[in-house]
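# Just the structure for this:
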Amino acid sequence: MPKTKYIAKSRASLEALKSAHLLKSLNVSVLIAGDRGVGKKSLARYIDKDALIVDGSSWDELIKSIKPNSRLIIKNFDRIKNFDNIKNILDKNCGKIIATSTTELSSKIEDKFFSLKIYIPPLKDRSEDLNALCNIFTQEVKEIFGDPSSELLLEMSELDLSENCHSLRKSIYKKYIKNILGEDDLLEMLENILYKKIGTGNDYREFLYLYDMPLINSGFKKFGSQLSISKAFGLNRNTLRKKINEYNLQEEKI
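Sure, this is the predicted structure:
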């Protein structure tokens, strides 16, 4: 997936970027903390674009990467197995580290390893960054699919911020793909799904929901009521009601 540089439009991100800029020329270790997908690795790369990135959750990989005068970005720093041992090894071989963590570290560990801590808030609290990233990811997906002039109207309700940049990018890609898919594409995708699932001995009944549920859900969105749906679909109201109950569909959720 394409990399995204650290976006700094909000006040919190601008402050983080300012601190990162100062750290470029300082020989001090820094911890960058925040939820998954907030931009920790991008900010670490801004501080030192040539440093080796190593995963703290892999002890063997981490040990092998620590060499005299090595410059390291240690992601998942909170998952290091033995902080005392790694501190001794780092002190002997590596003068400066940049670390990222999604989990809050104890003040004792932070004080032992780091001179400075930068916290990056989640995207939901950085509206200016969110808007900028939406524009970047929208243009990105258009260029990938070769249709840069097409329109993509996004509603806030369609944006998944559960994992910040990661889920935001995914939700924009999904929105775009849904817009450009044709019937042949959908049929091919459905065929692939069914190919992996069939063979139950009751396939027709078992997988009828793949047709029924999206059809009824779209009916609720377009027509509003069961009565209107049954008329539009040419379907008996009792049959429609039975299917709605069977699939646990509800009008107010549509």
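
# CA atoms for contacts and neighbours, from now on please.
Will do.

# List the buried residues of stretch 123-137.
Buried positions in stretch 123-137, judged by neighbour count with 16 or more other CA atoms under 10 Å: Leu123, Arg126, Glu128, Asp129, Leu130, Leu133, Cys134, Phe137.

# which ones are touching the third one?
When contacts are counted by CA atoms under 8 Å, 6 or more residues apart in numbering, Glu128 touches Lys9, Ser10.

# Confirm that it sits in a helix.
Yes. When DSSP: H, G, I helix; E, B strand; the rest coil is applied, Glu128 is found to be in a helix.

# re earlier: going by distance to Glu61, which of the buried residues of stretch 123-137 wins?
Closest approach between these and Glu61, by CA to CA: Leu123, at 31.0 Å.

# measure that closest one to Ile7 for me?
11 Å (CA to CA, to the nearest Å).

# what is in contact with these two at once?
Residues touching both Leu123 and Ile7 (CA under 8 Å, 6+ apart) are Asp129.

# thinking Lys124 is in contact with Asn131, fair?
No. Assessed by CA atoms under 8 Å, Lys124 is found out of contact with Asn131, at 10.6 Å.

# Return every residue with contacts to both of the two.
Contact with both Lys124 and Asn131 is made by no residue, according to CA under 8 Å, 6+ apart.

# Quick check: chain neighbours aside, which residue is closest to the spatially most central residue of the chain?
Compute the mean C-alpha point of the chain, and by CA atoms, centre = their mean the closest residue is His166, 1.8 Å away. Distances taken as CA to CA, 6 or more residues apart in numbering put Gly37 closest to His166, at 5.4 Å, once the chain neighbours are dropped.

# Kindly provide the distance from that neighbour to Ala20.
With CA to CA as the criterion, Gly37 and Ala20 are 18 Å apart.

# Check Tyr176 too.
Distance, Tyr176 to Ala20, using CA to CA: 34 Å.

# Next: Leu187.
Counting by CA to CA, the gap from Leu187 to Ala20 is 49 Å.

# So for those two, which sits in the more crowded spot?
Set Leu187 next to Ala20 and count neighbours by other CA atoms under 10 Å: Ala20 wins out with 21 against 11.

# now the strands for the stretch 1-150 of the chain?
Along the stretch 1-150 of the chain, counting by DSSP state E, counting those that start in this stretch, strands occupy 30-33, 52-55, 72-75, 97-101, 116-119.

# Asn245 is nearest to which of these?
Between Asn245 and those, the tightest spacing by CA to CA is seen for strand 97-101, at 45.5 Å.

# what does that closest one rub up against?
Contacts for strand 97-101 (CA under 8 Å, 6+ apart): 28-34, 40-41, 44, 71-78.

# hey, C-alpha coordinates of that strand in PDB?
Output of strand 97-101 as PDB, limited to C-alpha atoms (Å, rounded to 0.1, in the frame of the first residue of the first chain):
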ATOM      1  CA  ILE A  97      16.700   5.500  19.300                       C
ATOM      2  CA  ILE A  98      13.300   6.500  18.000                       C
ATOM      3  CA  ALA A  99      10.500   4.300  19.400                       C
ATOM      4  CA  THR A 100       6.800   4.000  18.800                       C
ATOM      5  CA  SER A 101       4.200   2.500  21.100                       C
END
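
# my guess is Ile172 contacts Gln139, does it?
No. Contact criterion CA under 8 Å: Ile172 and Gln139 do not qualify, at 10.1 Å.

# Between those two, which has more neighbouring residues?
Higher neighbour count among Ile172 and Gln139: Ile172, with 23 against 16, using other CA under 10 Å.
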